[in-house]
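> Test case, fold it:
(2 chains)
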Amino acid sequence: MIKMQEPEKIFETRELNVNMGPQHPATHGVLRVVLDLDGETIVRLTPYVGYLHRGIEKLGESLSYFQALPLTDRMDYVSAMSNNIGYCVAVEKLYGIEPPPRAKFIRTIVGELSRISNHLLWLATHALDIGAMTVFLYCFREREWILELFEMICGARLTVTYPRVGGVRNDISKEFIDHLVKFLAEFPSRILEYETLIDQNRIWLQRTVGIGVISAEEAINWGMTGPTLRGSGIPYDIRKFMPYDAYDQVEFEIPIGTAGDTYDRYRCRMLEMRQSVKIIIQCLEKLPAGPVMADAPKFVLPPKDKMLIITHPVNEIAYFIDEKACKGCGMCLRACPAKAITGEKKKPHKIDQALCLQCATCFVTCKFKALKIVPGGKGQTEEKLVELAAQPVSDELKQAQEALVAHFDFIKKGPKVPEGEVYVATEVPKGELGFYFVSDGTHKPYRMRVRSPSFIHAGCLERLCKGHLVADVIANIGTIDIVLGECDR
Amino acid sequence: MAVTEVVAGLYPAGIEQEKIAEMIKEKFPEQVIDVTNFRDQVAVIIKKNQSFSILKYLHDEPTLSFDHLRDLTAVDWSNKKEVRFEVVYNLLSTKYRHILRIKVQVPENDVKIASVVPIWAGANWHERECFDMFGIQFTGHPDLRRILMPEDWEGYPLRKDYPLKGYEGDKDWPGFIQVIKRSQELKEFEWHD
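Purely as a prediction, here's the structure:
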C-alpha cells in the first residue's frame, strides 16, 4: 500500500469521480466500477454488477434437474466443464446415486483440463491487462489445444455439457487419450516458457508484488476461495476437504502462498497447472474399464442404442390409429409437430402417412392406447395397416415401445426427488462453486441456488483496491479471476 | 513471495454435525426449533431473535471456529410452511473441516433479520442479493441496495408469487424502452448516415 505524506495545503483539492466500464478494457465480462479518486489514489471503489443477469436460479426452478444442466455452462463460460461437473455432483448427491468409477475418472480428467484452460485464459488476460502481450499469444496457443481435445470428446469447444447426472455422455476414445498424452508430455515445458517470460520480469514484479495484499484471516472472512484464498496461505481446497469424483484416489499437492498478494496468487495458479497435469496422468494410469453411466434406470437416460429409432429405423415401422380405440379427444392432433393427424372431435382421427415424421409424440400422448406401431414401413395400404394392427406385437417391439415411453417421461417430467435439501460444493478453477437445492418432492427443484465464486470475489474488490493507484485496479480485477457471466448468473 | 506446496488432509475430521447441533441446543435452549438430517447434511432451524448471537457463537467458539461462510441465501416457502421465509447459512470451518447449515425463520409480516456482516465481511454481497431477490431487510447492513437487478426494479424476482416472465410478461422492460427511445433521439447527431 502506498502511503502519501500529507502535503502542505496550498489549495483545496476535491475527490474525482471516475466511471470505469461497463465495457471494461479487460473484458472479463461487463463490469462497471465507479472510482472516487484523491489524485491517483483510490478512496472509494463501487463495483456494479448484474449486466449479465439471466435469472438462472429462477429458470432452474421452472426446469427439471435434467433440463437445467446446459444453463450451467453459460455461467462460467471459460471453464464450462467444471461448472457442469459441479452441477452433476450436486444433483447426484440429491438423488442419492453414484456414477461408475470410469465416469468418475473421466470427469476428473476433463475437470482438470478445464482448470488448465481456465488458468491459461486467466494468465493470458491478466498479463495482457498489465501490459505483456506476448504471454497472451503463448497461452492461447495451448488453450486452443485443450479446446480441440474437448471438441474431440463431445463436439463442442466452449459450452460442452459433456458430464451428465450419473456419469458422462459418452466414453472417451483411444484417439483422445493419444492426443491427451501428447499434450501432457508437452505442456510442462510450455509452463516453463510462460514463466521465463514473466516470472522474473521487472515490470511484472513491480505491478504484482505487494499489490492487493490480504491476510489469511481477512481473506477467509471475506469468503474468498480457490487460488485467490490459497495465495494468502490457507490450504482450503474442496478436492481435499470433501473429495468428489476420483480426487480421493489420486495424489496431489495444494500450492499455497505466504504474502497474499497478486504475485503469490499468480504463482499458486502456475503451480496448480502442474498439479493438474500430475492428476490427469494418474487418472490415465488408473482409468478403469466399465460403463460411463450409473446403473439407475429411474434417474438416468436409457442408453441410446436401446431406443426405438435405433432398433426400428424409420422405414421399418409405421404409426397407425386404431379406429375402435380412438375416442377422438384431439390430444394427438394438437401434439403432432408435423400436423399429419386430421380428424374431427369425437370421431376417429387419421394419420397422413406422407406427412408423418415418426417422432412418436402421438404414441406417447395417447391415453386410450389407440395408437399402434406396426411393422413394415410407411408405404402400405390402409387395409394392410388394419390387418397388421390386429396382430399381436412382437416382444422386441414391445420392449422398444416401453423404453420409448420411459424416455419421454424422463425428458418431459424428470425423476421425482425425495423431499430434502443439499448444499454441495466443488472446486472449480475460480474457487468454490456451490449448488444448494431444496426439493419439495416433485421433479423440479423448489429452490436452486448457485454460490458463484466470482460474485464473492467481485465483492472483495473494494477491499483489495482501497489505497492503491488507479492502474492497480486492473491488476486486482485480474488477480481475483472473475468472469461476470458467473458473477451475475 | 514464497509459494510452498502442502498436502492437505492435515486436519482432524472435526466434530460431527449432530454434536454441534446439540451444543447449540445447550447454549441456546429456547432458540432451536428443529434439527433435520438429509443425506448426511444437518440443518439447525432457529428462531430469528437471537440468530446473530448464535452465529457469532459459532464463529467465535474456539472448538467450532466456523470461519468460512460458504453461502447465504433464502428460501420462499410461500404457502407451504407457516413461516414464509427461511434465511439459510452454510458454514464451514477451514480449521476443523466440519460443516453445518443454519436456517433462520423469517415471517412475512416482519421481513427483518440481523445482518451478519460484522461476523463475516463476505456476507455483504450475499445479503444484498438476498434483499434484491427476496426483499428481506438485513438490519445493520452497511449498504443495502439492489445488486443484480436494476435499482428501479419493482418486485422481488425469486419470490414464488413473482411470475417467471416478470410482471410485464413478454413486454420489454421500461428501462430498455427508454434507452431505445433515447438512442433514436440521438441518431441525428451520428457522424455517418
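> Provide the count of other residues in contact range of the closest residue to chain B within the stretch 51-200 of chain A.
Proximity to chain B, evaluated over the stretch 51-200 of chain A using CB to the nearest CB, is greatest for A:His53 at 4.5 Å. C-beta here means a position set from N, CA and C on the backbone, and glycine is covered the same way. Around A:His53 there are 18 other residues, counting by other CB atoms under 10 Å in any protein chain shown.
> That one: what's it in contact with?
Going by CB atoms under 8 Å, 6 or more residues apart in numbering or on different chains, A:His53 touches A:488-489, B:148-149.
> what about 10 Å?
Contact analysis of A:His53 by CB atoms under 10 Å, 6 or more residues apart in numbering or on different chains lists A:484-485, A:487-489, B:132, B:147-150, B:157.
> can you check A:Met448 too?
Contacts of A:Met448 (CB under 10 Å, 6+ apart): A:56-63, A:65, A:68, A:71, A:87, A:90-91, A:435-439, B:158.
> need the contact list for the residue of chain B found nearest chain A.
In chain B, the residue that lies nearest chain A is B:Gly122 (2.6 Å; CB to the nearest CB). Counting by CB under 10 Å, 6+ apart, B:Gly122 touches A:219-225, A:456-457, A:459-460, A:463, B:68-70, B:72, B:116.
> Just give the closest residue to it, not the sequence neighbours.
Sequence neighbours aside, A:Gly223 is the residue nearest to B:Gly122 in space, at 2.6 Å (criterion: CB to CB, 6 or more residues apart in numbering or on different chains).
> how would you label that neighbour: helix, strand or coil?
coil (DSSP: H, G, I helix; E, B strand; the rest coil).
> ok, it touching A:Leu229?
Yes: under the criterion of CB atoms under 10 Å, A:Gly223 makes contact with A:Leu229 at 8.8 Å.
> Which residues are in contact with each of the two?
In contact with both A:Gly223 and A:Leu229: A:431-432, A:453, A:457, B:68, using CB under 10 Å, 6+ apart.
> Would you mind putting the residues you listed into JSON lines with neighbour count and distance to A:Asp38 alongside?
Converted to JSON lines, the shared contacts of A:Gly223 and A:Leu229 look like this (neighbours: other CB atoms under 10 Å in any protein chain shown; distance: CB to CB, whole Å):
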{"residue": "A:Gly431", "neighbour count": "28", "distance to A:Asp38": "32"}
{"residue": "A:Glu432", "neighbour count": "26", "distance to A:Asp38": "35"}
{"residue": "A:Pro453", "neighbour count": "29", "distance to A:Asp38": "31"}
{"residue": "A:His457", "neighbour count": "29", "distance to A:Asp38": "25"}
{"residue": "B:His68", "neighbour count": "25", "distance to A:Asp38": "34"}
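> how about the residues you listed, which pair is most distant?
A:His457 and B:His68 (14.2 Å; CB to CB).
> State whether A:Leu284 is indeed within a helix.
Yes: counting by three-state DSSP, A:Leu284 is part of a helix.
> Just the pLDDT at it, thanks.
pLDDT, A:Leu284: 90.
> go on, A:Asp305?
Looking at A:Asp305, the pLDDT reads 69.
> on that earlier part again, and the shared contacts of A:Gly223 and A:Leu229 as CSV, adding distance to A:Ile234, secondary structure and pLDDT?
Shown next, in CSV, are the shared contacts of A:Gly223 and A:Leu229 (distance: CB to CB, whole Å; DSSP: H, G, I helix; E, B strand; the rest coil; pLDDT from 0 to 100):
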residue, distance to A:Ile234, secondary structure, pLDDT
A:Gly431, 12, strand, 88
A:Glu432, 12, strand, 90
A:Pro453, 15, helix, 91
A:His457, 15, helix, 90
B:His68, 9, strand, 89
